[in-house]
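Colleague: This is the structure alone, sequence omitted:
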């Protein structure tokens, strides 16, 4: 166990953190409080009971953690799930996606192909 032969542990710079704020709550007319991306304020969606394969991801890009970060922040009930070699952000266990059909702060993807807007709910 431990570090593989030939590998060296990399020192962590002072103040380095494995967490990153990736989502925030925003109010959208007709939807109330929903989750949006910190960068750009794009609406976030879940696909309950299903997943979005590689062909789907061209329309529904997954919300991924920034390189070197492993813990999402910005709302309670956030976590990550592996997506290939990357980490996708989840909310209440559901993977989060943006929608290429949205512009600005729109919520055009709600109800499209089984996706629903990620509404802010309590973590129980």
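Modeller: Received the coordinates, thanks. These numbers were taken from a predicted model, which means no experiment stands behind them. Residues are numbered from 1 along each chain as shown.

Colleague: Would you check that residue 95 makes contact with residue 48?
Modeller: No: checked against CB atoms under 8 Å, the pair residue 95 and residue 48 is beyond contact range at 10.1 Å. From N, CA and C alone the C-beta is placed, and that goes for glycine too.

Colleague: So for these two, which sits in the more crowded spot?
Modeller: Taking other CB atoms under 10 Å, residue 95 and residue 48 do not tie; residue 95 has more neighbours (21 against 10).

Colleague: what's near enough to touch the more buried one?
Modeller: Counting by CB atoms under 8 Å, 6 or more residues apart in numbering, residue 95 makes contact with 46, 47, 51, 52, 62, 81, 83, 88, 89.

Colleague: do the same with residue 25
Modeller: By CB under 8 Å, 6+ apart, the neighbours of residue 25 are 33, 34, 35, 36, 75, 120.

Colleague: Columns neighbour count and pLDDT on top of these, output as TSV?
Modeller: As requested, the contacts of residue 25 are arranged in TSV below (neighbours: other CB atoms under 10 Å; pLDDT from 0 to 100):
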residue	neighbour count	pLDDT
33	13	96
34	19	97
35	27	97
36	24	97
75	21	89
120	19	95
